[in-house]
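Q: only geometry, no sequence info:
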Ligand SMILES: Nc1ncnc2c1ncn2[C@@H]1O[C@H](COP(=O)(O)OP(=O)(O)OP(=O)(O)O)[C@@H](O)[C@H]1O
Ligand SMILES: [Mg+2]
């Protein structure tokens, strides 16, 4: 395992709320980010992502807990002494300065000499793919180019740590995908420890080594994208990462459960007769011709989306979301049609 670069130890932050009084924006958050790792804080609006990031940066001080970077306690260290580069949602470029001067600004403040500044700025503009843009003004750049200037400005100091707060939310959908790949490639190339904040689960899955899911000020689960997708710890995580069915299952024996009257071989480790909650992703359910099964489903809705077709299927008291990707070789199923429903036991996940 790589050494730990950022360590949060039970940090909390409270704010005064005009109606609710004092409320926790962040509550006892502990987190370790390895050197060179890209960790994403993911969660719904207001769950405390930005507050956590701002505490790492030093723009906010925690009410409790400690923060260390590269083994040094920085809880009470000023932001400009933490060796951190920060990229915000609004790029906050100086509108009247050229691209070169925007990136050079911080180095000038530090009193570096001209040739050193020219070299450093030239290198990072090259790194972000803006080698010949140095004399352009911000208003002459596209949104994606402006964001790359902001990125250049954050890395020109060669910081130990890079922090991103929703850096792509001002860009259109196609550019967002392009930019997240560029950020990821750059982060890997320079091997810099990064904490990235987004509320977009797809962006988080695409860009991260590891994701920490937050809910109401707390981290509720950490793991790789596929751990969170296949083994969510709670209904909240299951619903936040990808689409899902949450279905009641009855334990009928040590090795069998029943969902809406369908028997499935699955060892849950629970007592016979208990009801469990199952996480079943739409692509883990297979629909087929109804072979006069004692329990059959019925197609309630169908949406053709090209690479897949989404169905809503009623089965007993449940409505299932099902995705099928095989319509290039099989005719689609019609609304109202009875269907055989098959759950793949290897995909089923039992919630604690
Ligand atoms: N300066 C402040 N004063 C009072 N309350 C604040 C302050 N900053 C944040 N909060 C509150 O703390 C909570 C967490 O805010 P935070 O900005 O960290 O959320 P977030 O997860 O980044 O949300 P979003 O996705 O909308 O950016 C919110 O309820 C917010 O209203
Ligand atoms: Mg935020």
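A: Nice, thanks for sending it over. Since this is a predicted model, take the numbers as computed values, not measurements. Numbering: from 1, shown residues only. Ligands and ions are numbered 1, 2, ... in the order given.
Q: okay, now the domains of the chain?
A: 4-240, 245-350 (automatic domain parsing).
Q: Among these, show me which one is buried the most.
A: domain 4-240 (a mean of 18; mean count of other Cβ atoms under 10 Å). Using the backbone N, CA and C atoms, a C-beta is placed for each residue, glycine as well.
Q: Kindly check the end-to-end length of it for me.
A: Start-to-end span of domain 4-240 (Cα to Cα, to the nearest Å) is 28 Å.
Q: Let me see the mean pLDDT of it.
A: For domain 4-240, mean pLDDT is 93.
Q: Check stretch 291-300 too.
A: 86.
Q: what's it in contact with?
A: 260-262, 287, 290, 311-316, 319-320, 333-341 (Cβ atoms under 8 Å, 6 or more residues apart in numbering).
Q: how far is the helix or strand harbouring residue 211 from where the chain is centred?
A: For residue 211, the element it lies in under DSSP states H and E is strand 210-215. With Cα atoms, centre = their mean, to the nearest Å as the basis, strand 210-215 stands 7 Å off its chain's centre.
Q: Note down every partner strand of it and its orientation.
A: strand 38-42 (parallel), strand 218-223 (antiparallel) (DSSP bridges).
Q: how about TSV for those strands, with distance to residue 23 added?
A: TSV is the format used below for the strands paired with strand 210-215 (distance: least, Cβ to Cβ, whole Å):
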stretch	distance to residue 23
strand 38-42	19
strand 218-223	13
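Q: Compare these and report which one is nearest to ligand 1.
A: Closest of the strands paired with strand 210-215 to ligand 1 is strand 38-42, at 7.8 Å (criterion: Cβ to the nearest ligand atom).
Q: the inter-axis angle of the next helix or strand after the closest one versus strand 218-223?
A: Following strand 38-42 in sequence order, the next helix or strand is helix 49-57 (DSSP H and E). Going by axes from the mean of the first three to the mean of the last three Cα atoms, to 10 degrees, helix 49-57 is angled at 80 degrees with respect to strand 218-223.
Q: what helices or strands is the longest helix seen in the chain leaning on?
A: In terms of residue count, the longest helix belonging to the chain (DSSP state H) is helix 173-190. With contacts defined as 3 or more Cβ pairs under 8 Å, 6 or more residues apart in numbering; DSSP states H and E, helix 173-190 has these neighbours: helix 114-127, helix 143-155, helix 201-207.
Q: Let me have those helices in a markdown table, extended by distance to ligand 1.
A: Putting the helices and strands packed on helix 173-190 into a markdown table (distance: least, Cβ to the nearest ligand atom, whole Å) gives the following:
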| stretch | distance to ligand 1 |
| --- | --- |
| helix 114-127 | 27 |
| helix 143-155 | 17 |
| helix 201-207 | 12 |
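Q: of all these, which lies closest to residue 10?
A: helix 201-207 (23.8 Å; Cβ to Cβ).
Q: Against which helices or strands is the closest one packed?
A: Judged by 3+ Cβ pairs under 8 Å, 6+ apart, helix 201-207 is in contact with strand 38-42, helix 173-190, strand 193-198, helix 225-230.
Q: Of these, give the one that comes closest to ligand 1.
A: strand 193-198 (6.5 Å).
Q: which ones are touching the residue nearest to residue 37 when sequence neighbours are not counted?
A: Closest residue to residue 37 apart from its sequence neighbours, by Cβ to Cβ, 6 or more residues apart in numbering: residue 209 at 4.9 Å. Contacts for residue 209 were tallied using Cβ under 8 Å, 6+ apart; they are 37, 38, 39, 224.
Q: Retrieve the pLDDT associated with residue 1.
A: Note for residue 1: predicted pLDDT of 69.
Q: nope, residue 328 is what I was after
A: pLDDT at residue 328 comes out at 88.
Q: quick one on the thing from earlier: distance to ligand 1 added to the helices and strands packed on helix 201-207, as a markdown table?
A: Below are the helices and strands packed on helix 201-207 laid out as a markdown table (distance: least, Cβ to the nearest ligand atom, whole Å):
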| stretch | distance to ligand 1 |
| --- | --- |
| strand 38-42 | 8 |
| helix 173-190 | 16 |
| strand 193-198 | 7 |
| helix 225-230 | 18 |
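Q: In the stretch 101-250 of the chain, what residue lies closest to ligand 1?
A: Closest point on the stretch 101-250 of the chain to ligand 1, by Cβ to the nearest ligand atom, is residue 199, at 4.6 Å.
Q: mind checking how far stretch 80-89 is from the chain centre?
A: In terms of Cα atoms, centre = their mean, the centre of stretch 80-89 is found 20 Å from the chain centre.
Q: List the contacts of residue 216.
A: With contact set as Cβ under 8 Å, 6+ apart, residue 216 has these partners: 27, 47, 48.
Q: Contact partners for the second one?
A: Counting by Cβ under 8 Å, 6+ apart, residue 47 makes contact with 214, 215, 216, 217.
Q: right, and the first one touches residue 43 too?
A: Yes - using Cβ atoms under 8 Å as the test, residue 214 is close enough to residue 43 to be in contact (3.6 Å).
Q: This completes my enquiry, with thanks.
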